[in-house]
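Sequence first, predicted model second:
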There are 2 protein chains.
Amino acid sequence: MQNVIQYINENKNNHLNELISFLKFQSISTNPDYNAETRKCADWLASNMKSIGLENVKVIETDGQALVYADWLNAGADKPTLLIYGHYDVQPIDPIELWDSPPFEPVVKDGKIFGRGTADDKGQVFTHVKAVESFLKTEGKLPINIKFIIEGEEESGGEAIADFLPKNKELLACDCILISDTSWITPNMPSITYSLRGISAFEFIIEGPNRDLHSGSYGGAVDNPIHVIADIIAKLHDKYGKIAIPNYYDDIVELTNEERENFKKLPYNENEYKADLNIAETYGENGYTTYERQWARPTLEVNGIYGGYIDKGHKSIIPSKAGAKISLRLVPNQDWQKAAKMAMDYIKSITPPTVKITFTKAHGGNPALAPIDSKGVASAKYALNKAFNMEVALIREGGSIPIITDFQENLNAPAVLMGLGLDSDNIHSPNENFVLENFYGGIRASAYFIENFGS
Amino acid sequence: MQNVIQYINENKNNHLNELISFLKFQSISTNPDYNAETRKCADWLASNMKSIGLENVKVIETDGQALVYADWLNAGADKPTLLIYGHYDVQPIDPIELWDSPPFEPVVKDGKIFGRGTADDKGQVFTHVKAVESFLKTEGKLPINIKFIIEGEEESGGEAIADFLPKNKELLACDCILISDTSWITPNMPSITYSLRGISAFEFIIEGPNRDLHSGSYGGAVDNPIHVIADIIAKLHDKYGKIAIPNYYDDIVELTNEERENFKKLPYNENEYKADLNIAETYGENGYTTYERQWARPTLEVNGIYGGYIDKGHKSIIPSKAGAKISLRLVPNQDWQKAAKMAMDYIKSITPPTVKITFTKAHGGNPALAPIDSKGVASAKYALNKAFNMEVALIREGGSIPIITDFQENLNAPAVLMGLGLDSDNIHSPNENFVLENFYGGIRASAYFIENFGS
C-alpha cells in the first residue's frame, strides 16, 4: 500500500489536471442541445480508463445517454468483485449570472475547485478511477476484481441504466456496490450511508354525492367527502405517532443497539433544527430520536389533499369528492407493494358506506440496507478513517435513490455510499465546488477500500 | 269577502293581460345594457299601483336599480301593518336557443304562462298588487295597513335594498313581512316557509415548517399540516354526527313537537333521495330526519380543503401549510358571530403546538324564524287553504336569504314566505313558466291573507 499511497501523493497535480479536463465537458444530460458534449464526455472517460489499464472498456449505446463500462477481473475467482457506480452527467447551470466563474472553466480557489460537476459527481467518481490507476501503475494489479458502470443521465431520470441493469446481471455481478455521490454529515465527519428508505405512493379519492351540493339545502343530511377523508387521515396514525395500519411493523428490521448508539454520537441540535424550519416543536413516533425517525422508521405522509372550493372567498357546498396523495417511506425489510396494499386495505376498511372510494395504482421502490457488520461497510469505514484520519459516521438516509434499489434487487448485493462531498459544495446550485483535500483524500480512501475489501 | 273574490274571478283576463305587460319589460338587472328597460319596468309597476288606489307611490333612486314603494295606511293605528316584498327584476335569458318562445313575449299554453319572470318573481309579486286592487275596487278600503317594497336587483346582489333598509326603518315599519318568491313542496301542497337557516363562514390555515420539506429527509420527524388539519376536522363532529364544539347547542330553539309532526306528513322518499344523489346512505345527526337535518339543525361543513401537491403524479413532500374553508348553518336563535367565535376557539384549542393557526375574518347572517303560532303564519296557512282548497305545508328552508335576515333584524318583524311557484316552473332556466291557476289562486290567497291578518 505504501507505493500506492505514495503514487497518489506524488500525482496530485496530474490527477487534478485530468479532473479539470473531465469537468470541462458540458455534459448536461437533461438538455438535448448538449447531447454531443455529453457523449464526448463519456468518450473521454472511457479513454482515460483505458489509458490506466482498465479492460473491456465500452461506451454502451442506450436510448438515452451512453453508459461507460470498464473492468479489471484478474484478481481471481476467490477474490471479491466490487462494482463502482457513479455518473458523468451534470446539472444545468442556471442561474448563470450567480456564478463567480464560468461553470465549465474550473478554477481552484481557497483549497476548492469550482465548476459544474466538481462534487456531483465527476470529482467523486473520478477518485475511484485514479485509485485503480494508482494500484495498476505501482503494483500492476488490484487485490480485488473491479467493475465500473458510470451512467450519463443520473440528473435526468436514469432510465438508460434502469433498463440496462436487469438485462446485464451477469456483466455487473458483484459482491458489493460502492458509490461516492453523497455528503458528510459535518465537514469533520466522513460519512457512510448504508441504508435508504424505500417509498410507496398512491392516491385515493372519496366520492360522495354525484354533484356539489348546496350546503344550505343539503347540509346535515348528506355525508361530506372532506369530513370522510379527514376522518380517514386522522385514523392513519395513533396518538403515539405510530402508523395505525394493523401489522404494519411486522416485517421491519429494527435498528440494532449499535446503530442507535452510533446515531446518538452524531451532531444534532434540536434548537437549530427547529429554528431552521421555524417550528415550535418536532413531532414523530414516540421513543425515537429525530435521526431515527427520519432514517429508520416507517412513515406515512399525506403529501397533498384536495376537495371542494379552494379559490378566494367562499362557496357553500358539500363537495362531490375529495382526494389525498399518500407516500409511505419504508425501512428494510418492507416491500413497497405489500405496504401499499396494507395501507389501501386499511383505508378501505375505515371508509364509511356513505361514500365510494377509489385508489390509483401504487408505485414505488424498496428500501436498501448494507448491514453495518457487512464487509463493504467495514471497508468503507476503514478507508475513510485511514484516508482522512477522522472519526467516521455510519448514517442512513431517509429518502430513496431508485438506482440503489435497482442494484440491490438485480445484483443481490449491498450498496455502500462512501460520500466525499460536503453540504457546502453547492451541488445543483451556482458555484458548485469540491474541496481539494476531499478529492485527494477520496483517491486515498478508494485505494484503502480496495485494499481492505480484498483482505 | 264575497265581493272581493267575485271581482278576482271576473277580472282574470284583465289581470293576466296586465301581467303580460309587466312581463314584457326586459328587466335584467345584472346587465347594465338593460338598465333603461329595468327602470321602465319599475315605472310601469308604480303607475299600475297608483292606478288601483295605492298611495305614496314612489320610484326610489338608489346606487343601483330603483326601488318601488307604495302604501295604503288608512285602516287605522289599531290595525296591523303588512309589508309586502318582492322583486321586479329577472334573470338573464341565456341560453336563448333553448327557449320554445321568446322570453319577453309571454305566451299561454297548457294552462301556464311562459316567459322570463313569470314565476320569479313578477307573477308572484303581482298577485298581491291585484289582491289589493280587488279590495279597493270593491270595498273602497283594506282591513289592514299595507306597504309594498319591490326591489329591482334581487337577481344581482340586492345591495340597494340592503342599504335602504337600515336607513328607512320608520317608513317600512310593520308587523309582518309577506313574500311570495318560493315554491310548493309538491304541486298539490301549497307551502309556507317560516324559517331559514343562517350562515357563518371562515377559513383557517395551519402552518408547519417554513417551506415544503422532502418527505424522505424529514418525514417522520416534523408534523405534517395535512395530518393536523385532518385531525382537527375529524374532531369537529362526534360519532353521532353532532357538532363537537362545547356548548354549541345551548342557544338554539329546538323544533317543537308540532313542527316535527308537520314534517313527518311531508312527502319524502329516501330511495329517490339517494338515487338522485347517487349515494348509498344518507348521513347526519342521530335522531333527526332528513328534513329536520336540512332545515332545522345546525351544521358545520368543510366546503373546501387544500394542502401540498395536488397536480398529476406525486411529489413527496411534507407541505408547509394546509387550509380549510368552513361554513356553519345556523338555526334560530344562534348568532352568526358568536357561532364563528365558538368554532374558532374550539379549533384553536385542539390545534397542537407543532403548528401555527390563523383564521380569516368570519362573515355571515343570522337565521330567521316566524313561529308557526304567529299571526302571519296562521294567516298564510288560512289563505292558501281557502284559495287552493288543498292541505298546506309548513316548511323550513336550509339555506339563507340575506334580505329576510335584514328585514327581520331591521324591522323586528317575522317574515312569512307564502310561495306560489312549483318546482317545474324552470326559474333561472329556459322556458320559465307560471301555472295560471297559481296566479289566479295567488290573488285569492293574497286577499284571504289580508282579510285574515286584519281579523
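Yes, it's here. Numbering: from 1, shown residues only, chains lettered A, B, ... in the order given.

quick one, helices of chain A?
A:2-10, A:12-24, A:35-51, A:123-138, A:159-167, A:169-172, A:225-234, A:257-264, A:270-277, A:290-296, A:336-349, A:375-388, A:402-411, A:436-453 (DSSP state H).

What average pLDDT does stretch A:12-29 get?
For stretch A:12-29, mean pLDDT rounds to 98.

hmm, who's touching it?
Identification of contacts with stretch A:12-29 by Cβ atoms under 8 Å, 6 or more residues apart in numbering or on different chains yields A:8, A:34, A:37-38, A:40-42, A:44-45, A:48, A:64-65, A:88-93, A:104-106, A:108, A:113, A:115-118, A:122-123, A:126, A:130, A:152-156, A:436, A:439-440, A:443. To be clear about C-beta, it is placed using only N, CA and C from the backbone, and glycine gets the same treatment.

now swap in stretch A:167-180 and tell me
With Cβ under 8 Å, 6+ apart as the criterion, stretch A:167-180 contacts A:69, A:80-86, A:121, A:124-125, A:127-128, A:147, A:149, A:165, A:370, A:374-376, A:380, A:404, A:407-408, A:410-411, A:413-420, A:442, A:446, A:449, A:453.

before we move on, what about stretch A:342-353?
Stretch A:342-353 has contacts (Cβ under 8 Å, 6+ apart) with A:200, A:202, A:204, A:206, A:223, A:228, A:231-232, A:235-236, A:244-248, A:300, A:326, A:328, A:357, A:359, A:362, B:280-281, B:283.

out of those residues, which are buried?
A:200, A:202, A:204, A:206, A:223, A:228, A:231-232, A:235-236, A:245, A:248, A:300, A:326, A:328, A:357, A:359, A:362, B:283 (16 or more other Cβ atoms under 10 Å in any protein chain shown).

sorry, back to before: got a ChimeraX select line for the buried ones in the contacts of stretch A:12-29?
A single ChimeraX command is used to select the members of these judged buried by 16+ other Cβ under 10 Å:
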select /A:8,34,38,41,42,44,45,48,64,65,88,89,90,91,92,93,104,106,113,115,116,117,118,122,123,126,130,152,153,154,155,156,436,439,440,443
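
How about the contacts made by the spatially most central residue of chain A?
Nearest to the mean C-alpha position of chain A, by Cα atoms, centre = their mean, lies residue A:401 at 3.6 Å. Contact analysis of residue A:401 by Cβ under 8 Å, 6+ apart lists A:196, A:368.

Run a quick neighbour tally on residue A:195.
27 (other Cβ atoms under 10 Å in any protein chain shown).

again but with residue A:253, I slipped
The burial count for residue A:253: 14, using other Cβ under 10 Å.

same deal with the one 5 residues further on?
Under the neighbour criterion other Cβ under 10 Å, residue A:258 is assigned a count of 11.

quick one: pLDDT of the closest residue to it other than its chain neighbours?
Spatially, and ignoring its direct neighbours in sequence, residue A:258 is nearest to residue A:372 (6.6 Å; Cβ to Cβ, 6 or more residues apart in numbering or on different chains). Note for residue A:372: predicted pLDDT of 95.

roughly how far apart are residue A:372 and residue A:194?
6 Å (Cβ to Cβ, to the nearest Å).

now swap in residue A:376 and tell me
Taking Cβ to Cβ, one finds residue A:376 at 8 Å from residue A:194.

any common contacting residues for these two?
Common neighbours of residue A:376 and residue A:194 (Cβ under 8 Å, 6+ apart) are A:370, A:414, A:416.

Which one (most neighbours) among those?
Result: residue A:416 is most packed of the shared contacts of residue A:376 and residue A:194 (other Cβ under 10 Å), 27 neighbours.

Any idea what residue A:112 is bridged to?
residue A:109, residue A:435 (DSSP bridges).

Which residue does the stretch 51-200 of chain A have closest to chain B?
Residue nearest to chain B within the stretch 51-200 of chain A: residue A:197 (6.2 Å; Cβ to the nearest Cβ).

Apart from its chain neighbours, what residue comes closest to that residue?
residue A:329 (4.4 Å).

ok, the one you found - contacts?
A:197-199, A:298-301, A:398, A:400, B:215-216, B:219-220.

now residue A:86: how far from residue A:179?
Taken as Cβ to Cβ, the span from residue A:86 to residue A:179 is 7 Å.

Oh, that last question was meant for residue A:411, not what I typed.
13 Å.

Could you do residue A:187 as well?
Distance from residue A:187 to residue A:179, by Cβ to Cβ: 21 Å.

Show me which of those two is the more surrounded one.
When neighbours are counted by other Cβ under 10 Å, residue A:187 and residue A:179 differ, and residue A:179 comes out ahead with 24 against 13.

circling back: got JSON lines for the helices of chain A, with distance to residue B:56 too?
Formatted as JSON lines, the helices of chain A follow (distance: least, Cβ to Cβ, whole Å):
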{"stretch": "helix A:2-10", "distance to residue B:56": "106"}
{"stretch": "helix A:12-24", "distance to residue B:56": "92"}
{"stretch": "helix A:35-51", "distance to residue B:56": "86"}
{"stretch": "helix A:123-138", "distance to residue B:56": "92"}
{"stretch": "helix A:159-167", "distance to residue B:56": "83"}
{"stretch": "helix A:169-172", "distance to residue B:56": "97"}
{"stretch": "helix A:225-234", "distance to residue B:56": "52"}
{"stretch": "helix A:257-264", "distance to residue B:56": "86"}
{"stretch": "helix A:270-277", "distance to residue B:56": "69"}
{"stretch": "helix A:290-296", "distance to residue B:56": "77"}
{"stretch": "helix A:336-349", "distance to residue B:56": "67"}
{"stretch": "helix A:375-388", "distance to residue B:56": "96"}
{"stretch": "helix A:402-411", "distance to residue B:56": "82"}
{"stretch": "helix A:436-453", "distance to residue B:56": "94"}
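
which stretch in those helices is the model least sure about?
When I compare these, helix A:402-411 is least confident, with a mean of 93.

what does that one contact?
A:83, A:85, A:151, A:154, A:158, A:161-162, A:165-166, A:169, A:172-174, A:177, A:179, A:196, A:198, A:365-368, A:413-415, A:417.

just the angle between that helix and helix A:159-167, please?
10 degrees (axes from the mean of the first three to the mean of the last three Cα atoms, to 10 degrees).

Any buried residues in helix A:402-411, and which?
A:402-408, A:410-411.

same deal with stretch A:305-320?
Across stretch A:305-320, burial judged by 16+ other Cβ under 10 Å covers A:305-310, A:314-320.

Ok, stretch A:59-67 next?
Quick answer for stretch A:59-67 (16+ other Cβ under 10 Å): A:59-60, A:64-67.

contacting residues for the nearest residue to residue A:123 once chain neighbours are set aside?
Nearest residue to residue A:123, sequence neighbours excluded (Cβ to Cβ, 6+ apart): residue A:434, at 4.0 Å. By Cβ under 8 Å, 6+ apart, residue A:434 lies in contact with A:112-113, A:118-119, A:123-124, A:420-421, A:425.

Please repeat the previous calculation with a cut-off of 7 Å.
By Cβ atoms under 7 Å, 6 or more residues apart in numbering or on different chains, the contact list for residue A:434 reads A:112-113, A:118-119, A:123, A:425.
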